[in-house]
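Asks: 3D, please:
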Amino acid sequence: MVDENMLAVIDDAGTEAWLDAALQGTARYEKVSSQDLGRVIRLLEATGAKVALVELSDRSASQALAVITALSNARPWVTIVALCRVSDQELTLACMRAGARDCVVVGADGQELRDRLRQHQLLRSSAWRDQMESRLRNLTLVASVGARMDTQFFAQNLAVAMAAQNASAKVLAVDVYSTGDQVFHLETHNSFDLSQLLTSPDTLDENLIQTALDEYRPGLRVLAGGGDQEFLGDRGADLFIALTRLMSMFDRIVLNVGNVRQADWIQSIGVHVAELIVVANQEVGQLRAVREEVANWRAFLPSQCQILVALDGYEASLPPSVSEVAENVGAGVAATLPLEWKGRLEAINMGVPFAETMPRSGYNKAMNQLAQRLLGQGHNLEKKKRALFG
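Replies: Residues are numbered from 1 along each chain as shown. As a prediction, the model looks like this:
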């Protein structure tokens, strides 16, 4: 066998027929269209494929190159082989720059394809794969299922707490719904946003970030979404590329996707999520909705992802209790945050983090504890639940 599992990103039936004949049953592959990048990434995650074959045609060369770039950023250890219609040096170089390690001409002798795949299989390093997987999964996704939950306030204060834990850490907080100078509930002076990054994601580098995004607080930068995002076609590919590049530049990213299109975000970039935190309160109807949505989202998240609930506005004297919430929702309770509305309103109106208006509040104590847990190494969910529940 060349390899037990491969991913084939193919749109043309003729290319698929040639691939079947060339492999001669020496390898299995899962086929997917190039049009939906989120589906491509999810299938790669689900199959655990170590080889991805990506077809380049005259009609969709730019989309195929975007797919190659996204795959190489998301899974650097995966061997990407471009399937080209013709032997063209310029096209081959473009594929290599995008992240492909080889190019094979569709219609070539099948033995050539099998030999090249075996060669790449021998060169792969499992140790490097494990190292890259650990480095890339540094995204904390914040969502909710109820319009009354202020995920902006939660996410901004979580990011502030994370940055305060480690003076040398680089943290980025992204609020996909913010526009203009106000990001989350914070007053900033940034005119740069995520939608601008998507105009040319290939130019995204450290210099651009340092120039375009001032530090809001030591170690923390904040980025507005700039409006609604598109998840399909070239725009979806650009979004995935930009986020994966950002993940390589920061030690931690907190991404607030709120409660409007959270399912689209999870389906598109869920493969990178280390923790999904669902902000909820103790309303039984809302907790029931959380349970249903979490069940739907699990299929788009990696097996190592922790799905957690943060109870905001928690009242210990009222049911359901923390343990009852965890049992009924099917996810660990990461934090219980008191309402403390007067302090919240003051922080929101002043455009500053809660830690700067009421540093000794119960809310900030709970948020600091949550940040410590999320930044800790080797946390096990069951250990975390025992620590929380006693």
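
Asks: ok, how many other residues are close to residue 218?
Replies: 11 (other C-beta atoms under 10 Å). Bear in mind the C-beta positions are built from the backbone N, C-alpha and C, glycine included.

Asks: For it, give me the pLDDT.
Replies: Model confidence at residue 218, given as pLDDT, is 93.

Asks: Run through the helices of the stretch 251-390 of the chain in chain order.
Replies: In the stretch 251-390 of the chain, the helices defined using DSSP state H, counting those that start in this stretch lie at 262-269, 284-297, 322-329, 341-350, 362-375, 381-389.

Asks: Please apply the same query to the stretch 101-250 of the chain.
Replies: So, for the stretch 101-250 of the chain - with DSSP H, counting those that start in this stretch - the helices run 110-123, 126-136, 151-165, 194-197, 206-212, 233-249.

Asks: for those, which one sits closest to residue 219?
Replies: helix 151-165 (4.2 Å; C-beta to C-beta).

Asks: okay, the helices of the stretch 101-250 of the chain in CSV with distance to residue 362, mean pLDDT and mean neighbour count next?
Replies: As requested, these are exported to CSV (distance: least, C-beta to C-beta, whole Å; pLDDT from 0 to 100; neighbours: other C-beta atoms under 10 Å):
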stretch, distance to residue 362, mean pLDDT, mean neighbour count
helix 110-123, 55, 83, 14
helix 126-136, 34, 45, 13
helix 151-165, 13, 96, 25
helix 194-197, 33, 82, 19
helix 206-212, 35, 85, 13
helix 233-249, 32, 73, 21
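
Asks: Quick one: those as a markdown table, columns for distance to residue 224 too.
Replies: Converted to a markdown table, the helices of the stretch 101-250 of the chain look like this (distance: least, C-beta to C-beta, whole Å):
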| stretch | distance to residue 224 |
| --- | --- |
| helix 110-123 | 41 |
| helix 126-136 | 24 |
| helix 151-165 | 11 |
| helix 194-197 | 7 |
| helix 206-212 | 11 |
| helix 233-249 | 14 |
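
Asks: Compare these and give me the one nearest residue 312.
Replies: When the helices of the stretch 101-250 of the chain are compared by C-beta to C-beta, helix 151-165 sits nearest residue 312, at 6.2 Å.

Asks: Send me that closest one as PDB with only the CA atoms.
Replies: Presented in PDB, the C-alpha positions along helix 151-165 are these (Å, rounded to 0.1, in the frame of the first residue of the first chain):
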ATOM      1  CA  THR A 151     -19.800  37.300  24.500                       C
ATOM      2  CA  GLN A 152     -17.900  40.500  23.600                       C
ATOM      3  CA  PHE A 153     -17.500  41.400  27.300                       C
ATOM      4  CA  PHE A 154     -16.500  37.800  28.200                       C
ATOM      5  CA  ALA A 155     -14.000  37.400  25.300                       C
ATOM      6  CA  GLN A 156     -12.300  40.800  25.900                       C
ATOM      7  CA  ASN A 157     -11.800  40.100  29.600                       C
ATOM      8  CA  LEU A 158     -10.600  36.500  28.900                       C
ATOM      9  CA  ALA A 159      -7.900  37.900  26.500                       C
ATOM     10  CA  VAL A 160      -6.900  40.600  29.000                       C
ATOM     11  CA  ALA A 161      -6.500  37.900  31.700                       C
ATOM     12  CA  MET A 162      -4.500  35.600  29.400                       C
ATOM     13  CA  ALA A 163      -2.100  38.400  28.500                       C
ATOM     14  CA  ALA A 164      -1.600  39.300  32.200                       C
ATOM     15  CA  GLN A 165      -0.700  35.800  33.000                       C
END
